[in-house]
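Would you be able to build a 3D model of this:
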Amino acid sequence: MAESFDAIVIGSGISGGWAAKELCEKGLKTLLLERGRMVEHPKDYTTATLEKWELPHRGEGTVKEKMNSPVQSTIYAWGEASKQYFVVDKDHPYIQEKPFGWIRSYQLGGRSLVWGRQSYRIGDLDFEANAKDGHGVDWPVRYKDIAPWYSYVEKFAGISGAKENLFQLPDGEFQPAMEMNVVEKEVKKRLEKEYPDRKFIMGRIANLTKEIGHRQRCQYRNRCHLGCPFGAYFSSNSSTLPAAIATGNLTIRPFSIAMEILYDKDKRRATGVRITDSETKEVKEYFAKIIFLNASTVASAGILLNSKSDMFPDGMGNNYAQVGHNFINHHVGAGASGVMDGFEDMYYYGRRANGPYLPRFRNIGEKADHGFLRGYGFQCNAEREGFGRSNAGYGIGVSLKDNLSEPGKWTMSYGGFGEVLPYYENMISLHPEQKDQWGMPLIVIDAEIKDNEKKMRTDMVNSAAEMLERTGFKNIKTYDRALEPNARVLSVHEMGTARMGRDPKTSVLNAWNQLHDVANVFVTDGSCMTSSACQNPSLTYMALTARACDFAVSELKKRNL
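Numbering: from 1, shown residues only. The predicted model follows:
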């Protein structure tokens, strides 16, 4: 007997969770397919309250675990207490044409359980960039189209921050911002005096500073990647999925690997999704009137490419060879740090899971030529050196204890997040022969930064060092990991493999996140992005998803889908 629903959502991460919430709240019986295990908030956050000394290896992954997960173990959030939220690489192979770290979280909630939570709007500086400089295709939307939806999702998710009235970083609906520490406040004063065109602000983050419903405010534990029992940061598990479940309209099916979207050439519509049960290897089909594809940028493109039919011999929506191409990201791993004398009688309280942010200041209307297009921002942090400085050699015995009896010097770091231009040749594809243990063709990733990004990185490093020097820091050290062999310099912000656009020949989706060629399939995860801007993108996924759901249900009611 066929199992039918009003809607199917593939993926339960940030955008998939939002799709489930919106569709269920609008009355649609919705099936949520998740390829990983169930994780129930908060009872399944089994390590969230454990101290390091309560863990067998004091929080460190073993040598064998790192060998089995050479990619996942490079991410800051991976460790003995959090490894359960990341895949084991040896069980989930993919092919790297060039070094690329594909970070994956296969469980209910996906990467929303371990994301960095920085939440920024993008504005018309970014929505208009492709059209103005000719790189990539024009976004089919502008800021005015998305602004109401940013407000809608911000109020529900809970974003702490402050209004700054910056053209390049639109303001939002904020809870009170977290507070800078004493050195960060001093840096803000000095920096904005030295550089009147730059603004040093507190990071905007999806951590509550005021309660929302059942969710408590942030406890300043800085253990977000272990799952938050307090619901103090936004995740699918703490926020959108409980809202969807409360409607009585949601069915969750874990261990369900979406293999392909089914298509009826006579109806010219998608009819459902074929899945493989990851535990039993059983193949099943589910049917629905509309389908939201939210499996994450790389996986969503893979599913479209694997959804072949007479109408789409090279993959659903891929008749113009756009699916998988124009893979974009942010480039990271470039910046500088320094030491500030003074303030030795000052400290801070708690473990704040946030830091200051220096919004983009390059190529914002000025005529100066910096040698590259677009721009970058800095995520920053000031702190006092801790016990780890003993590794540098502070003696032994009594002298070591004396040296470590007080915190060390104040340090400050600037870490750059730069925009990567859309390049058609940066892409993901499916291997023609090799398959994983469930029969899905292996993903092939071929992506790199190019000359524009390399020039930007040079400026990142130089500007970070200059700002540190001009605001009173010493012992300044710069770094650029792109200069290291096999370095991972692309972030975990994969985007663009099924981009929005105005022309079906150069894009995959229209202004409402619909496939140009299949009106009842919507893609609202990172793959829909037409350019990356330099801001963290997850808030944009949320807004685009809520907007697309509203449109989809409206079209369904009109019998247009």
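
C-alpha from now on. contacts and neighbour counts both.
OK.

Quick one: the strands in the stretch 351-500 of the chain, in order.
Ranges of strands in the stretch 351-500 of the chain, per DSSP state E, counting those that start in this stretch, are 356-358, 376-384, 410-419, 427-435, 441-446, 474-480.

can you list these in TSV and add mean pLDDT and distance to residue 26?
Below are the strands of the stretch 351-500 of the chain laid out as TSV (pLDDT from 0 to 100; distance: least, Cα to Cα, whole Å):
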stretch	mean pLDDT	distance to residue 26
strand 356-358	98	37
strand 376-384	97	38
strand 410-419	98	36
strand 427-435	98	34
strand 441-446	98	35
strand 474-480	98	48
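
which of these is buried the deepest?
A comparison of those by mean neighbour count, using mean count of other Cα atoms under 10 Å, puts strand 410-419 on top with a mean of 24.

contact partners of it?
With Cα atoms under 8 Å, 6 or more residues apart in numbering as the test, strand 410-419 has contacts from 183, 329-344, 374-385, 453, 456-457, 460, 464, 532-535.

Report the buried members of those residues.
Neighbour counting with 16 or more other Cα atoms under 10 Å marks 183, 329-340, 374-385, 453, 456-457, 460, 464, 532-535 as buried within the contacts of strand 410-419.

Just those: which are in helices?
Those of these mapping onto helices are 183, 453, 456, 457, 460, 464, per DSSP state H.

Apart from its neighbours in sequence, what residue is nearest the second one?
Just to be clear, that refers to residue 453. For residue 453, ignoring the flanking residues on the chain, the nearest one in space by Cα to Cα, 6 or more residues apart in numbering is residue 420 at 6.3 Å.

my read: the one you found touches residue 451, true?
No. Counting by Cα atoms under 8 Å, residue 451 is not a contact partner of residue 420; they are 10.3 Å apart.

Counting neighbours around each, name which of those two comes out higher.
Neighbours around residue 420 and residue 451, counted as other Cα atoms under 10 Å, are more numerous at residue 420. The numbers are 27 against 9.

I'd like to check which residues are in contact with that one.
Contacts for residue 420 were tallied using Cα under 8 Å, 6+ apart; they are 328, 329, 330, 331, 449, 453, 532, 533.

Output those in TSV; the columns should cover distance to residue 407 and pLDDT.
Listed next are these as TSV, based on distance: Cα to Cα, whole Å; pLDDT from 0 to 100:
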residue	distance to residue 407	pLDDT
328	41	98
329	37	98
330	34	98
331	33	98
449	39	97
453	38	98
532	39	98
533	38	98
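
what distance separates stretch 410-417 from the centre of its chain?
Per Cα atoms, centre = their mean, to the nearest Å, the displacement of stretch 410-417 from the mean C-alpha position of its chain is 20 Å.

For that stretch, list the C-alpha coordinates in PDB.
C-alpha atoms of stretch 410-417 as PDB (Å, rounded to 0.1, in the frame of the first residue of the first chain):
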ATOM      1  CA  TRP A 410      45.600  39.400  27.200                       C
ATOM      2  CA  THR A 411      45.600  38.200  23.600                       C
ATOM      3  CA  MET A 412      43.400  39.200  20.600                       C
ATOM      4  CA  SER A 413      42.700  37.300  17.400                       C
ATOM      5  CA  TYR A 414      41.200  38.300  14.000                       C
ATOM      6  CA  GLY A 415      40.000  35.400  11.900                       C
ATOM      7  CA  GLY A 416      38.900  36.200   8.400                       C
ATOM      8  CA  PHE A 417      35.800  34.900   6.500                       C
END
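
Output the below-cut-off pLDDT ranges for the stretch 301-450 of the chain.
The stretch 301-450 of the chain contains residues with pLDDT under 70 at 366-368, 387-396, 398-405.

50 - rerun?
In the prediction, the stretch 301-450 of the chain carries no residues with pLDDT under 50.

What are the buried residues along stretch 76-83?
For stretch 76-83, the neighbour count (16+ other Cα under 10 Å) marks 77, 78, 79, 80, 81, 82, 83 as buried.

Same question for stretch 218-238.
Along stretch 218-238, these residues count as buried under the neighbour rule (16+ other Cα under 10 Å): 218-220, 223-238.

Count the neighbours of residue 282 for me.
When neighbours are counted by other Cα under 10 Å, residue 282 registers 11.

State the distance from it to residue 262.
When distance is defined by Cα to Cα, to the nearest Å, residue 282 is 17 Å away from residue 262.

With residue 299 instead?
For residue 299 relative to residue 262 (Cα to Cα), the value is 17 Å.

now residue 516
16 Å.

out of these two, which sits in the more crowded spot?
Neighbour tally, residue 516 and residue 262, criterion other Cα under 10 Å: the higher count belongs to residue 516, 23 against 19.

I figured the more buried one hits residue 504, correct?
Yes. Using Cα under 8 Å, residue 516 makes contact with residue 504 at a distance of 6.0 Å.

can you list residues touching both of these two?
residue 510.

the helices in this structure, which residues?
For the chain, helices defined by DSSP H occupy the ranges 14-25, 63-68, 124-127, 129-133, 143-157, 182-194, 241-246, 297-306, 397-403, 451-470, 538-557.

Comparing those helices, which yields the minimum mean pLDDT?
Mean pLDDT values for the helices of the chain show the minimum at helix 397-403, a mean of 68.

For residue 206, which non-adjacent residue is spatially closest?
In space, and not counting its chain neighbours, residue 206 is closest to residue 159: 4.5 Å by Cα to Cα, 6+ apart.

got it, and residue 475?
In space, residue 475 is closest to residue 338, 5.5 Å off (Cα to Cα, 6+ apart).

Same question for residue 29.
Distance criterion Cα to Cα, 6+ apart; nearest residue to residue 29, sequence neighbours excluded, is residue 249 at 4.7 Å.

just residue 359 next, same as before
residue 377 (4.8 Å).
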